[in-house]
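1. Just a sequence and a predicted model for now, questions to come.
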Amino acid sequence: MRTSSRTRTVVVGCTLLVTAVGATACGSHGNPLAATPYDATDQLSFNTPAGAGKKADPDKPLEVTAEGDERITDVTATDATGRYVVGELAADGSRWHSTSPLAADSRYTVRVSTEDEDGAPGRKVLTFDTTKPTGKKTLDVTFGPKAGEYGVGQPITADLNQPVKDKAQRAVVERALRVDSTPAVDGTWYWVSDKQLHFRPKDYWPIHATVQVHSNLEGIRVGDRLWGGKAKPLTITTGDQLLAVTDASAHSMTVYKNGKVINTIPVTTGKPGFETRNGVKVVLEKQYFVRMKGTTVGIAEGTSDSYDLPVYYATRVTWSGEYVHAAPWSVGSQGYENVSHGCTGMNDSNAQWFFNTVRPGDLVKVVNSNGHEMEPFGNGFGDWNVDWAKWRTGSALTNGRQDGPKPEDADRLRPTAV
């Protein structure tokens, strides 16, 4: 049974509506039930504490329950920064509860829409604060790379200052780390270790895309005494798709721009015992000059394989020392045989062209080498050597997750140079 005061409010609203219809035209689309919503305070209950100065426990879900014949039709809950709280509404509209965690030391605004047995709309707006965490450790996130323009192979990285091992806790973190691409892509995070995640799309990033990365983790409880901290957002853009494919057996590199061949270069790659890694690598950095010494990669000084050379136009593709660079000392072998210690060598003019054409994030792929496969992680970005089905298992949000490749399972980093 409804109170007479609320019934009068609805009737007055209908009367005003009818008057407005008569004053305008018979073609009005007015609805007698589109009245100003009534105050549904008496028909709703919340599990937040009542009373001045009392605050809600962010570890507990927010619950809204409808009384009697009232039915909840919609609930929107946001904090002061605009972050939404995800929730579930019962099929009969009797109850709504949050399914994503609340942030500590935050103010929330909850807007609840209802309807009574006659279909009349009700409304209730509630604000409440959550308590501050006690004895907490802060989980800070640092995104990479630095802001700028990159090739379409550049993964996004998230480095954590605290290890996160538990899968449920990883899921809390992963849900809060957002990557938005324009144009949109199908992508996901992969837990490389307890303190690092990589994000990549199913395929390479679109050309001329804008990728925005941010964290919604601040104030969110991750685990016992572990709470999300601040993270500086990141924006990168992509340029054209540059892919350099080196066929080690043919001693040739073919460079593609947006799928079209723009150059074919005679090269030399790693000789027996120093074979260049097969697989897809991502350009890490470019160095106009590098002093390369055999001793830095384990070659004894004075042996037949020893070297100490000035190297120019050096494009790095692994942290262990694999480059694409100028090799004027091997011009007679370029296009005919493999004589390097693992790098891809070419003449000065070709190396300068390559150096000036590619950027970090561009792709270098080696095929038909007798070397090992590029490590997925730990020696640069070998992320694209993990197929998409396997990559998805590295997400804490994937059902039936299996262990994916990890740095400790990869082949031992084999330093190479020149």
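-> Thanks, I have it.
2. In terms of helices and strands, where is the closest residue to Asn368 other than its chain neighbours?
-> Excluding the flanking residues, the one nearest Asn368 by C-beta to C-beta, 6 or more residues apart in numbering is Ser249, at 4.0 Å. (C-beta placed from N, C-alpha, C; glycine too.) Under the criterion DSSP states H and E, no helix or strand holds Ser249.
3. Same check on the one 5 residues further on?
-> Under the criterion DSSP H and E, the helix or strand holding Thr254 is strand 252-257.
4. so what does that strand touch, helix or strand wise?
-> strand 242-247, strand 260-266 (3 or more C-beta pairs under 8 Å, 6 or more residues apart in numbering; DSSP states H and E).
5. Gly223: which of those is closest?
-> In terms of C-beta to C-beta, the element of the helices and strands packed on strand 252-257 nearest to Gly223 is strand 242-247, at 41.6 Å.
6. Counting by contacts, list what that closest one packs against.
-> Using 3+ C-beta pairs under 8 Å, 6+ apart: strand 242-247 touches strand 252-257, strand 363-367.
7. Specify the angle between the longest one and strand 242-247 in degrees.
-> On the basis of axes from the mean of the first three to the mean of the last three C-alpha atoms, to 10 degrees, strand 252-257 is oriented at 160 degrees to strand 242-247.
8. what about this structure, any weak spots by pLDDT?
-> 1-34, 133-135, 294-298, 300, 302, 304, 306, 398-418 (pLDDT under 70).
9. What ranges does it have for its helices?
-> 4-24, 167-176, 348-357, 388-392 (DSSP state H).
10. buried residues in the third one?
-> Burial within helix 348-357, assessed by neighbour count using 16 or more other C-beta atoms under 10 Å, is assigned to Asn350, Ala351, Trp353, Phe354, Phe355, Thr357.
11. Identify the residues contacting the first one.
-> In this case it means Asn350. Asn263, Ile265, Pro266, Ala326 (C-beta atoms under 8 Å, 6 or more residues apart in numbering).
12. rerun that using 7 Å as the cut-off
-> Ile265 (C-beta atoms under 7 Å, 6 or more residues apart in numbering).
13. try the fourth one
-> When contacts are counted by C-beta under 7 Å, 6+ apart, Phe354 touches Thr315, Val324.
14. Then Phe199?
-> Counting by C-beta under 7 Å, 6+ apart, Phe199 touches Pro155, Ile156, Val179, Gly187, Thr188, Trp189.
15. could you redo the last one with a cut-off of 10 Å?
-> By C-beta atoms under 10 Å, 6 or more residues apart in numbering, the contact list for Phe199 reads 143, 155-158, 174, 177-179, 181, 187-190, 211, 213, 383, 395.
16. What's the ChimeraX syntax to select whichever of the residues you listed are buried?
-> Buried subset of the contacts of Phe199, written as a ChimeraX selection, criterion 16+ other C-beta under 10 Å:
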select :143,155,156,157,158,174,177,179,181,187,188,189,190,211,213,383,395
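17. Show only the entries of the contacts of Phe199 found in strands.
-> 143, 156-158, 177-179, 181, 187-190, 211, 213 (DSSP state E).
18. measure the nearest residue to Arg359 once chain neighbours are set aside to Trp205 for me?
-> What sits nearest to Arg359 in space, not counting adjacent residues and going by C-beta to C-beta, 6+ apart, is Gly151, at 5.6 Å. Separation of Gly151 from Trp205 (C-beta to C-beta, to the nearest Å): 8 Å.
19. Check Val86 too.
-> 27 Å.
20. neighbour count winner among the two?
-> Higher neighbour count among Val86 and Trp205: Trp205, with 27 against 10, using other C-beta atoms under 10 Å.
21. My guess is that one contacts Ala184. True?
-> No. Using C-beta atoms under 10 Å, Trp205 makes no contact with Ala184, being 11.1 Å away.
22. Identify the residues contacting Thr254.
-> The contact partners of Thr254, by C-beta under 10 Å, 6+ apart, come to Leu243, Ala244, Val245, Thr246, Asp247, Val261, Ile262, Asn263, Thr264, Ile265, Lys365.
23. my bad, should have said Ile72
-> Neighbour list for Ile72: 40, 43-44, 64-66, 89-90, 92-96, 112-115, 122, 124 [criterion: C-beta under 10 Å, 6+ apart].
24. Recalculate using a threshold of 8 Å.
-> Contacts of Ile72 by C-beta under 8 Å, 6+ apart are Leu44, Val64, Ala66, Leu89, Ala90, Gly93, Ser94, Arg95, Trp96, Val112, Ser113, Thr114.
25. ok, the second one - how many residues close by?
-> Read that as Val64. 24.
26. Kindly report the same for the last one.
-> Thr114 has 24 neighbours, counted by other C-beta under 10 Å.
27. One more: the first one?
-> Residues lying near Leu44 (other C-beta under 10 Å) number 20.
28. Kindly report the same for the third one.
-> The number of residues packed near Ala66 is 24, by other C-beta under 10 Å.
29. close enough to count as contact, it and Ala90?
-> No. Using C-beta atoms under 8 Å, Ala66 makes no contact with Ala90, being 9.1 Å away.
30. Make sure Gly219 is actually in contact with Tyr108.
-> No. Using C-beta under 8 Å, Gly219 is not in contact with Tyr108; the gap is 11.1 Å.
31. Overlap in contacts, those two.
-> Common neighbours of Gly219 and Tyr108, using C-beta under 8 Å, 6+ apart, are Asp79.
32. Could you tell me the end-to-end distance of stretch 80-91?
-> 29 Å (C-alpha to C-alpha, to the nearest Å).
33. meant to ask about stretch 266-282
-> For stretch 266-282, the end-to-end distance is 21 Å (C-alpha to C-alpha).
34. Give the residues shared as contacts by Gly151 and Trp205.
-> Residues within reach of Gly151 and of Trp205 at once, by C-beta under 8 Å, 6+ apart, are Thr238.
35. Mind listing the residues bridging to Phe289?
-> On the basis of DSSP bridges, Phe289 is bridged to Tyr312.
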